[in-house]
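*Asks:* Here is my input; please provide its structure:
(2 chains)
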Amino acid sequence: MRRLLVYLKDYKKECILAPLFKMLEAIFELFVPLVMAAIIDTGIKGNDIPYIMKMCAVMVLLGIVGLVCSVTAQYFSAKAAAGFGTGVRHALFSHIQKLSFTNLDQLGTSALITRMTSDVNQAQSAVNMVLRLFLRSPFVVFGAMVMAFTIDVKSAVLFVITIPLLSAVVTGVMCISIPLYKKVQGKLDAVTLLTRENLTGVRVIRAFHLEEEEKEKFKAGSQELTTVQMFAGKISGLMNPATYALINGVTAYLIYVGALQVDGGIITQGEVVALVNYMAQILVELIKFANLIITVTKGIACGNRIQGVLEVPEGEREISCPDTEEIPETKDEMVVFSHVGLTYQNAGAEALTDISFTAKKGETIGIIGGTGSGKSSLVHLILGFYPHTKGSIRIDGREIASYTKQELRAQAGIVMQRPVLFAGTIRENLCWGNQDATDEELYEALKIAQAYEIVEKKEGGLSAGVSQNGKNFSGGQRQRLTIARALVRKPRILILDDAASALDYATDAALRHAIAEMKEQPTVFIVSQRASSIQHADKILVLDDGELAGAGTHGELLKNCKVYQEIYYSQYPQKSGGHAE
Amino acid sequence: MKVLKKLFPYIKKYSFFIIASLLFAAVSAVLSLYVPVLTGRAVDCIIKVNDVDFSRIFEIIRQMIVIVLITAVSQWLMNICNNRITYQIVRDLRNDAFARIEILPLKYLDAHSHGELVSRVIADADQVADGLLMGFTQLFTGIITILGTLVFMVSIQYKIALVVICITPVSLFVAAFIAKKTFSMFKLQSETRGEQTALVEEMVANQKIVQAFGQEEKVLKKFDEINGRLESCSLKATFFSSLTNPCTRFVNSLVYTGVGVFGAVFAVTGGISVGQLASFLSYANQYTKPFNEISGVVTELQNALACAGRILELVNETPQVPEDADAVVLEHAGGNVSLENVDFSYYKDQHLIENFHLTVKPGQRVAIVGPTGCGKTTLINLLMRFYDVDGGSIRVDGEDIRHITRKSLRTSYGMVLQETWLRQGTILDNIRMGVKDASREEIIEAAKASSAHGFIKRLPDGYDTVVTEEGSGLSQGQKQLLCIARVMLSLPPMLILDEATSSIDTRTELKIQNAFAKMMKGRTSFIVAHRLSTIKEADIILVMKDGHIIEQGNHKTLLAKNGFYATLYNSQFVYPSGIPV
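*Replies:* Sure thing, here's the model as predicted:
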């Protein structure tokens, strides 16, 4: 949390003024009982009505000045808090933009979204509360005590004893009940999980006729929750009665002490009333303070989580490859892998092992293999999404490490497995590939991607709206639009990562055909589960469990690569081989 | 009101505690109001030097301590009663809601979003707890406190009481005014927040694409624009809403001053004593509190009633048709399944299956084919009696399934669905679902038979590895294998299999095929089929399109018919060489 406080540095003035004005307000508030004491002792005892009026005017004045101070303080603290929240949000979001893929994987999307939204909001409101109350409440409590001392030392001693006692009760109850409420949350989560499971798995549960059993299970979980809730409620329900009894008990004793002092001629009747009033003020503020501490603790926890993300180093590609062996350079090579290995951070085993191949300019490379065989990992290496951990990769004659992130990605177009479009218009989405693309260029890309008629049919054409996540398009349409997006950039390397899975065979084939006809032929990598999608590639890489099980043309692999044969014949049974050939 | 009536049976069960709670509330409210009166009396005994009535003071202090103790204890007892009432009523509501979910027809569950149902059982129930019951007692104590204060004030000096009664509404008015003014600002803040959250979710969830296309700067710019707007409206909302406290505090101090002026004047003229003035002052200090509480309670109550309405709606939803009293228990089903004149539709005006006949002999294999989304699962829904037919009948071994116990019908089928469902628990628990008392050896046997043993062995804790709700850490194929093992263990006489999806690679699919083949031997089976070999070997092929069964026969007869099936069959090989014709 501490390092987040830099985002308050532009609000130093507000951060000082807000508590200061709050303190002023508190001081004015603390004067009120004294004024009232004066009214009683001088005004009433002396039958001095003009004096009473004067003192009441003073009280109203104190009220007005207090209000002005307080409003000023609220404004400053709101300003500082809003500025703080905005600063943290900006810093966090721009930091996320720079995180490496490895970091993104580790942090996880949902956690990042929570940090960006509710965590920042909580931290912001904690800052606001601290500025407003953190000084005020203790100030009122101790101010009341100090005021008591100015009236009478002997009575004030009671304040000195009461304050720690009250604090002990309040913190004691909180310390016991907070962990209990955490337990309640845990039990509630269990009940929630059970409910959700019973909805998502309703068919299986009914198929196995587990309804009764589930009901019993739920009842048990529900009862556990109730028991903990009642226990926690019993403890936290102690707070009000206990503090009430304590403060009123002390007040009773205070009256006795006051009576003694008045009898001894040390203080007056009005001052006894003032002392009783100060005692009442303490309780209200202490409870406010206790609640504040809860808010602040939560806020600090959120702040720490945010700081945790900010502390993740920005992901400049730190490719540290020990062996930069010289690979014999050939002309017109585009991508060369030489004994490349990849181990994901914190992973036990290599995801890719000893991969070597050469892709020439304009060639089409097919990559096939089972789920989890490392197909996507391989193409991600080409764009430097993850740093390879062994061997060397050369793109267009240069070591991959010598490229900046921007350079590397500017020359490539990638279509990911999950077709994602962003809220906006079709044009905006396509222009992600190239900011300055003309409509003709966009249409050209759409035609190649077999997406022309999608746009034509939409009202508004390129300006047609795209809702969040592209929900107003079907899976196949989204896929074709994301392909067009990658093509708009006129990439030198085009990567289709299982990008045609939602397309029917005919469209898939037409797409591949159109790409093959492109004027400036990119080097194409096609990742697929379908043998038909890659069987006409210039070269097919067969991956099995992260290793290259074979490389070559369809014909070669069918002859001598067992894994490829298995894959191929599982899709085109041997009996019907006549059809497939 | 209707909601209250339906809620009444739940509340009635705890009427003893409710009466007790109200009693304790009344006692603590009245007694705590009496304390300032006592304080005032004590102050009146303290006049000046050598004019202190110690014996009366002792008497008053003794009374005070007794009253304070009784108040504190009854406050605590009231808390305990409220806890009991609240949490137990909510538990009952929750249990009933869950029990209802278990017997609701799938028609209802399929038509409602699971998230919404979960939120009814969990969040709405919590709201009911917080709002309805706490609201009742707070409302009750609040009203008693207000009335009590009035009575006490009027009994001391009705003219000063009038001052309090006249000025207090100003505070309420001010609070209401601020609330109304800030509402629009809060709305704007939450709208802007929503806009920002949407952007954050969209971009962070697809951070990799943002980076792959080098759009970081642009996205950040868009974010900052919203962030700037959020800052200004958040500042306004925070500031204006934080005015409530200072303003009401100011009005309160006006009340206090008013009481001071009038009280002091009356005291001078001998209308009241100084002690009575002190009592008045403390009433003036706390008089507005219950008003503010009540206004908060009213909104809480409304909210709670709305939530109660939602959860009760679920509880009172019509359950599935109860079983006939003399329903037959299906033991060792032979596997004769016949559908006669079956009519079915999900919506009254959209006919799906009409006048459908099918006779399946024991051990026969029925394949259901058709394009995705054609309603193949409808048939599964009918066979398992997840949905009832609208007309005609389905018979198993000659018995109408509506006359067979649900349990025996459903356990006669082994069902593996495309959507794999695992629950939080160990692998062992997940496989054991159908046969609770299966031994570890039997489970391992089943896992081996379904080729799941291999990967389970490699999991960190083998069969005792805990999988989470989404089955995280397992691939789609592995999850599917676990679901197959589950059925393999119970091995019922009939099977319903929804084949592996495109998300599983073909080699894993082959394994699953083998597992399926083992199970199907000698069992009547219904298979939603994608794979040619399964389809070709089926005894009966049902061809579905747009929810209708359009063709029925075996591979040969259907091919000869040259209808939709023939087209579908050939489409897999439209471009045998991958080049469009």
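
*Asks:* Pass me the low-pLDDT residue ranges in the chain, would you?
*Replies:* Picking chain A for this. Counting by pLDDT under 70, chain A has low-confidence residues at A:315-330, A:346-348, A:371-372, A:502, A:573-581.

*Asks:* Switch to chain B, please.
*Replies:* Filtered on pLDDT under 70, chain B yields the residue ranges B:1, B:133-134, B:371-375, B:469-473, B:499-508, B:530-533, B:547, B:570-581.

*Asks:* Show me where it has its strands.
*Replies:* Assigned by DSSP state E, the strands in chain B fall at B:46-48, B:51-52, B:337-344, B:353-360, B:365-369, B:391-396, B:399-400, B:413-416, B:425-426, B:466-467, B:494-498, B:524-528, B:540-545, B:548-553.

*Asks:* okay, those strands in CSV with mean neighbour count and distance to chain A next?
*Replies:* The way it works is simple: take the backbone N, C-alpha and C, and place the C-beta from them, glycine included. Shown next, in CSV, are the strands of chain B (neighbours: other CB atoms under 10 Å in any protein chain shown; distance: least, CB to the nearest CB, whole Å):
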stretch, mean neighbour count, distance to chain A
strand B:46-48, 20, 5
strand B:51-52, 15, 4
strand B:337-344, 18, 16
strand B:353-360, 16, 19
strand B:365-369, 24, 15
strand B:391-396, 18, 15
strand B:399-400, 16, 18
strand B:413-416, 26, 5
strand B:425-426, 15, 10
strand B:466-467, 18, 12
strand B:494-498, 23, 9
strand B:524-528, 25, 13
strand B:540-545, 21, 15
strand B:548-553, 18, 19
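
*Asks:* Domain ranges for the chain, per the record?
*Replies:* I went with chain A, as the question did not name one. Domain segmentation of chain A under automatic domain parsing yields A:2-309, A:331-411+A:493-581, A:418-490.

*Asks:* oops, I was thinking of chain B
*Replies:* Using automatic domain parsing, the domain ranges for chain B come out as B:2-315, B:328-412+B:528-574.

*Asks:* Of those domains, flag the one that's most buried.
*Replies:* Highest mean neighbour count of the domains of chain B: domain B:2-315, a mean of 19 (counted as mean count of other CB atoms under 10 Å in any protein chain shown).

*Asks:* any idea how far residue B:447 is from the residue in the stretch 301-450 of chain A positioned nearest to chain B?
*Replies:* Relative to chain B, the nearest point of the stretch 301-450 of chain A is residue A:370 (4.0 Å; CB to the nearest CB). Counting by CB to CB, to the nearest Å, the gap from residue A:370 to residue B:447 is 20 Å.

*Asks:* ok, those two, which is more surrounded?
*Replies:* Comparing residue A:370 with residue B:447 by other CB atoms under 10 Å in any protein chain shown, the one with more neighbours is residue B:447, at 26 against 22.

*Asks:* Quick check: that one touching residue B:456?
*Replies:* Yes: using CB atoms under 8 Å, residue B:447 is in contact with residue B:456, at 5.8 Å.

*Asks:* what is in contact with the two at once?
*Replies:* Residues touching both residue B:447 and residue B:456 by CB atoms under 8 Å, 6 or more residues apart in numbering or on different chains: residue B:463.

*Asks:* By residue count, what's the longest helix in the chain?
*Replies:* You didn't say which chain, so I picked chain A. helix A:49-98 (DSSP state H).

*Asks:* Switch to chain B, please.
*Replies:* If you go by DSSP H, chain B has its longest helix at helix B:134-205.

*Asks:* For the closest residue to chain B within chain A, which residues are in contact?
*Replies:* In chain A, the residue that lies nearest chain B is residue A:237 (3.2 Å; CB to the nearest CB). When contacts are counted by CB under 8 Å, 6+ apart, residue A:237 touches B:76, B:79, B:80, B:83.

*Asks:* what about residue 475, how many neighbours?
*Replies:* If you meant another chain, say so; for now it's chain A. 13.

*Asks:* could you do chain B instead?
*Replies:* Close neighbours of residue B:475, defined as other CB under 10 Å, add up to 17.

*Asks:* try residue A:562
*Replies:* The burial count for residue A:562: 12, using other CB under 10 Å.

*Asks:* Can you tell me, leaving aside adjacent residues, what's nearest to residue 127?
*Replies:* Picked chain A for this. Distances taken as CB to CB, 6 or more residues apart in numbering or on different chains place residue A:81 nearest to residue A:127, at 4.6 Å, with adjacent residues excluded.

*Asks:* actually it's chain B I care about, not the one you picked
*Replies:* residue B:307 (4.0 Å).

*Asks:* thought that neighbour was touching residue B:129?
*Replies:* No: using CB under 8 Å, residue B:307 makes no contact with residue B:129, being 9.4 Å away.

*Asks:* Any chance of a markdown table for the domains of chain A, columns distance to residue B:272?
*Replies:* As requested, the domains of chain A are exported to a markdown table (distance: least, CB to CB, whole Å):
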| stretch | distance to residue B:272 |
| --- | --- |
| domain A:2-309 | 10 |
| domain A:331-411+A:493-581 | 77 |
| domain A:418-490 | 68 |
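
*Asks:* In TSV, list the strands of chain B along with distance to residue B:107.
*Replies:* Formatted as TSV, the strands of chain B follow (distance: least, CB to CB, whole Å):
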stretch	distance to residue B:107
strand B:46-48	77
strand B:51-52	82
strand B:337-344	11
strand B:353-360	15
strand B:365-369	21
strand B:391-396	16
strand B:399-400	20
strand B:413-416	18
strand B:425-426	29
strand B:466-467	30
strand B:494-498	19
strand B:524-528	20
strand B:540-545	20
strand B:548-553	20
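
*Asks:* Quick one, which of the ones you listed gets closest to residue B:219.
*Replies:* Minimum separation from residue B:219 across those (CB to CB) falls at strand B:466-467, 35.8 Å.

*Asks:* number of nearby residues for residue B:458?
*Replies:* 9.

*Asks:* quick one: it and chain A, what's the gap?
*Replies:* Using CB to the nearest CB, to the nearest Å, we find residue B:458 at a distance of 11 Å from chain A.

*Asks:* got the contact list for that residue?
*Replies:* Residue B:458 makes no contacts at all, as judged by CB under 8 Å, 6+ apart.

*Asks:* and the stretch 251-400 of chain A, which of its residues are near chain B?
*Replies:* Along the stretch 251-400 of chain A, the residues adjacent to chain B under the rule CB under 8 Å from any CB of the partner chain are A:251-253, A:255-256, A:258-260, A:262-265, A:268-270, A:272-273, A:276-277, A:280, A:369-373, A:383, A:385.

*Asks:* These in helices, which ones?
*Replies:* Using DSSP H, A:251-253, A:255-256, A:258-260, A:262-263, A:269-270, A:272-273, A:276-277, A:280 are the members of those that sit in helices.

*Asks:* rewinding a little: so the residue of the stretch 301-450 of chain A closest to chain B touches residue A:542, yeah?
*Replies:* No: applying CB under 8 Å, one finds residue A:370 not in contact with residue A:542, separated by 10.1 Å.

*Asks:* who touches both of these two?
*Replies:* Both residue A:370 and residue A:542 are in contact with residue A:567, where contact means CB under 8 Å, 6+ apart.

*Asks:* follow-up on the earlier one: with respect to residue A:305, which of the contacts of residue A:237 is nearest?
*Replies:* Distance to residue A:305 across the contacts of residue A:237 (CB to CB) is lowest for residue B:83, with 32.1 Å.

*Asks:* Now do the closest one against residue B:527, distance only.
*Replies:* Noted for residue B:83: a distance of 55 Å to residue B:527, by CB to CB.
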